[in-house]
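Asker: Here is a sequence with its predicted model. Questions after.
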Amino acid sequence: MPTIKYHYNPKTFQYERARLSVRDVLWYISGLLFTGLILCGGMVAVHDSLVETETERALRLENKLLQKHKPILEQQLAAIDLTLLGLKEEDKLLYAKLFNSNPPEFSSPPSTISKEQALLADASSFRTLLDVLRSESERLTEKSTMSNASFGNQIRITKDQLDVIGSIPSIQPIANVQLDLLVSGFGERINPFHKGRYHHPGVDFAAPRGTAVTVTASGRVIAVNRTTLQAGYGNFIDVDHGNGFVTRYAHLEEINVRRWQNIVKGMVIGTVGSSGGSVAPHLHYEVIRDGDPVDPAHYLMEGLTSEQHSVLLKLSIKQNQSMD
């Protein structure tokens, strides 16, 4: 409340109460309004800090749940990425083994939501993204179910296709349970004699002299070579499996088959030796497709899990010295 002021009136010879000016009135009203705002703000702040409504309580709980599930969703998205990458690599390997080619390229549809969207979304957007993700997952599941049913009902393997599959040399030519007997792979390697780089047309399995060598697919023996010359393949066998597949087994000690003999997959055809140009007992194994050597490691898949086959592939790509 402002102080009451008086002034002397010379006409009436009396002190009279001074009238308030417009400025004084405005200043007084402004003070009241400012004080009122401060009090209201303080009351609202105290209310917000001390009193929690049902809606606020529900939203707070929902935010906690969303914060908890964001890392879980991040892990799931990362796991999905790894799974898709693994499936893509396995698809490449399968095409390389069966068809000696890369898989066909398909344009993938744009992703409905990105990982960044999911991880950076606020509560409202995150719920929307979850609904989209759930809807897309249900759609893909339904599509997968229909595709599986369609494949199961329509796809048939013909006799010719079975013949092609049967001609693929798919087992290891020696017992290699630990997978560590494959010591040199296909491609550019160091020659053990002149130490220069050259193209190694097969893979080398290190094994004791006399270890059984088995044919990797059924077929017909088209070449049997026995020699005492300390160079080249030494004692070797070539087997024609049909459909363009031929396998070669070199540096043998003993040969147990004859030319033009029909043999079945897994049959013992000889033993490991060190004949020809070899620095130690081992089996040199080749896969020839349509007249050209190809990487045998891609075909050595029967009886192995995907993890074991991956280990075998890693051993085969090591850059080292061959044994012949």
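Answerer: Received the coordinates, thanks.

Asker: Where do the helices of the stretch 1-150 of the chain begin and end?
Answerer: Ranges of helices in the stretch 1-150 of the chain, per DSSP state H, counting those that start in this stretch, are 22-50, 54-99, 115-120, 123-154.

Asker: Quickly, which of those helices bottoms out on average pLDDT?
Answerer: When the helices of the stretch 1-150 of the chain are ranked by mean pLDDT, helix 115-120 comes last with a mean of 56.

Asker: wait, is residue 272 part of a strand?
Answerer: Yes - counting by DSSP: H, G, I helix; E, B strand; the rest coil, residue 272 is found in a strand.

Asker: what bridges to it?
Answerer: residue 252 (DSSP bridges).

Asker: tell me the contacts of it?
Answerer: Going by Cβ atoms under 8 Å, 6 or more residues apart in numbering, residue 272 touches 174, 205, 207-211, 213, 251-253, 281-283. Yep, even glycine has a C-beta here, placed from its N, CA and C like the rest.

Asker: Tell me the buried residues within these.
Answerer: By neighbour count, with 16 or more other Cβ atoms under 10 Å, the contacts of residue 272 hold 174, 205, 207, 211, 213, 251-253, 281-283 as buried.

Asker: and which of those residues is nearest to residue 41?
Answerer: In terms of Cβ to Cβ, no member of those lies closer to residue 41 than residue 205, at 83.9 Å.

Asker: Residue 227 should be in a strand, yeah?
Answerer: No - going by three-state DSSP, the assignment for residue 227 is coil, not a strand.

Asker: Is it correct that it is in contact with residue 252?
Answerer: No - proximity of residue 227 to residue 252 does not meet the contact threshold set by Cβ atoms under 8 Å, at 10.7 Å.

Asker: Quick check: pLDDT value at residue 214.
Answerer: For residue 214, the predicted pLDDT is 97.

Asker: wait, I meant residue 188
Answerer: Reported pLDDT for residue 188: 94.

Asker: dump the residue contacts of the residue lying closest to it once chain neighbours are set aside.
Answerer: Distances taken as Cβ to Cβ, 6 or more residues apart in numbering put residue 197 closest to residue 188, at 5.5 Å, once the chain neighbours are dropped. By Cβ under 8 Å, 6+ apart, the contact set of residue 197 is 188-191.
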